[in-house]
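**Student:** Give me a model of this one.
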Amino acid sequence: MIRSMTAFARKDARGDWGTLTCEIRTVNHRYLEPSFRLPEAFRELENDFREQLRSGLKRGKVDVSMRLQSSDSEFQSFEVSDDMVTAINEAANHVNRILDNPAHISALDILRWPGVMSVPEKDYSAAKEAAAGLFAETVTELVTVREREGERLRPLFDDRLREMTRLVGEVRKKLPVLLEAQENTLRERFEKAKVELDEDRLSQEMVMLAQKSDVAEELDRLEAHIGEVADTLKSDQAIGRRLDFLMQELNREANTLSSKSIDAEVTRAAVDLKVLIEQMREQVQNIE
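**Tutor:** Purely as a prediction, here's the structure:
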């Protein structure tokens, strides 16, 4: 299963306590790196949210945002401490009796005094329960989106793997012809140099050339890696890191094929292989 690391999911929930909105954005990252922006009343839920993310995601930079908009019925009146107001008033009157030109103290002045006015603590238990369920739903939606985005990449990989298989097959078919052409070239060089043709010397040269230009092992490994990529794409586990490693191995074999090439067509095939590998590698960077 191919899962993209780039995805977005949003879910809403409503109740007597108001409206909850949860948004999760993910982008590619080597490891799983979550960050949270939660209402202060929901901070205690962060550890549980982290555990849920670890069970559903393996890699990616994850930004979680949750907002709570309280309903009109949730707004409560302020509480005023009558004892504090009385104490402040008595203290103000006492000071006024001492002063020659006392100043009037207003109700707003008293309300600004620390401790006079307070907001009753709200009960967020129902909202917290809704937040836990909403987060789980959003993570599920996010995983679905990541899978959907990842599956869109499958045709790209399938097309390039088929093309790579074709190129490797063509190079393998050319090898006997290329070695025969090289033998003919050596014979012509001997003749042009007017050197007596020594079959033993020619055999030695051909053996050295064959060893230097033998790319059978590289072609075998390329075919093996191509098959491994195809099998990995079918796995239900996180495959991004394994695919990244396989892209490195494919590129190494393509480079060796190019360096051993004794023919322009083989060189061109090696270049085409590297282009295809690079195209896949760019997409692999975004796979979980």
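**Student:** okay, CA-based contacts and neighbour counts for the rest of this
**Tutor:** Will do.
**Student:** Under the pLDDT cut-off, which ranges of this structure? List them.
**Tutor:** 71-78, 118-121, 178-214 (pLDDT under 70).
**Student:** one more time with 90
**Tutor:** Low-confidence segments of the chain, defined by pLDDT under 90: 1, 15-18, 40-41, 69-126, 171-218, 236-237, 256-267.
**Student:** Can you spell out the domain ranges of it, please?
**Tutor:** Following automatic domain parsing, one gets these domains for the chain: 7-74+123-151, 79-118, 154-284.
**Student:** In TSV, list these along with distance to residue 1 and mean neighbour count.
**Tutor:** Below are the domains of the chain laid out as TSV (distance: least, C-alpha to C-alpha, whole Å; neighbours: other C-alpha atoms under 10 Å):
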stretch	distance to residue 1	mean neighbour count
domain 7-74+123-151	7	17
domain 79-118	55	12
domain 154-284	5	16
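**Student:** What segments of the protein are strands?
**Tutor:** Secondary structure of the chain (DSSP state E): strands at 7-15, 18-27, 32-37, 60-70, 79-80, 117-118.
**Student:** Okay, helices next: where are they in the stretch 1-150 of the chain?
**Tutor:** Ranges of helices in the stretch 1-150 of the chain, per DSSP state H, counting those that start in this stretch, are 46-56, 82-98, 107-111, 125-151.
**Student:** re the thing from before, let's have the strands of the chain in a markdown table, adding distance to residue 105.
**Tutor:** Shown next, in a markdown table, are these (distance: least, C-alpha to C-alpha, whole Å):
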| stretch | distance to residue 105 |
| --- | --- |
| strand 7-15 | 43 |
| strand 18-27 | 39 |
| strand 32-37 | 43 |
| strand 60-70 | 35 |
| strand 79-80 | 17 |
| strand 117-118 | 17 |
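**Student:** quick one, what contacts residue 15?
**Tutor:** Listed by C-alpha atoms under 8 Å, 6 or more residues apart in numbering, the contact partners of residue 15 are residue 127.
**Student:** That one pairs with what?
**Tutor:** Beta bridges link residue 15 to residue 18 when assigned by DSSP bridges.
**Student:** how close does it get to residue 139?
**Tutor:** Using C-alpha to C-alpha, to the nearest Å, one gets 21 Å for the distance from residue 15 to residue 139.
**Student:** rewinding a little: can you redo the helices of the stretch 1-150 of the chain as TSV with distance to residue 117?
**Tutor:** Shown next, in TSV, are the helices of the stretch 1-150 of the chain (distance: least, C-alpha to C-alpha, whole Å):
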stretch	distance to residue 117
helix 46-56	31
helix 82-98	9
helix 107-111	6
helix 125-151	25
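**Student:** Please report how far the residue nearest to residue 21 when sequence neighbours are not counted lies from residue 40.
**Tutor:** Excluding its sequence neighbours, the residue lying closest to residue 21 (C-alpha to C-alpha, 6 or more residues apart in numbering) is residue 12, at 4.5 Å. Distance of residue 12 to residue 40, given as C-alpha to C-alpha: 18 Å.
**Student:** ok, now residue 265?
**Tutor:** 66 Å.
**Student:** Same check on residue 108?
**Tutor:** 29 Å.
**Student:** and if you look at residue 277?
**Tutor:** 48 Å.
**Student:** Surely residue 59 is in contact with residue 6?
**Tutor:** No: contact between residue 59 and residue 6 fails when scored by C-alpha atoms under 8 Å: they sit 10.5 Å apart.
**Student:** Quick check: neighbours shared by the two?
**Tutor:** The contact sets of residue 59 and residue 6 overlap at residue 28 (C-alpha under 8 Å, 6+ apart).
**Student:** re the thing from before, among the strands of the chain, which is nearest residue 250?
**Tutor:** For the strands of the chain, the distance to residue 250 is smallest for strand 60-70, at 24.7 Å, taking C-alpha to C-alpha.
**Student:** Tell me which other helices or strands that closest one touches.
**Tutor:** The elements that strand 60-70 packs onto, with contact taken as 3 or more C-alpha pairs under 8 Å, 6 or more residues apart in numbering; DSSP states H and E, are strand 18-27, strand 32-37.
**Student:** Between those strands, which one is closest to residue 134.
**Tutor:** Of all the helices and strands packed on strand 60-70, it is strand 18-27 that lies closest to residue 134, at 7.0 Å by C-alpha to C-alpha.
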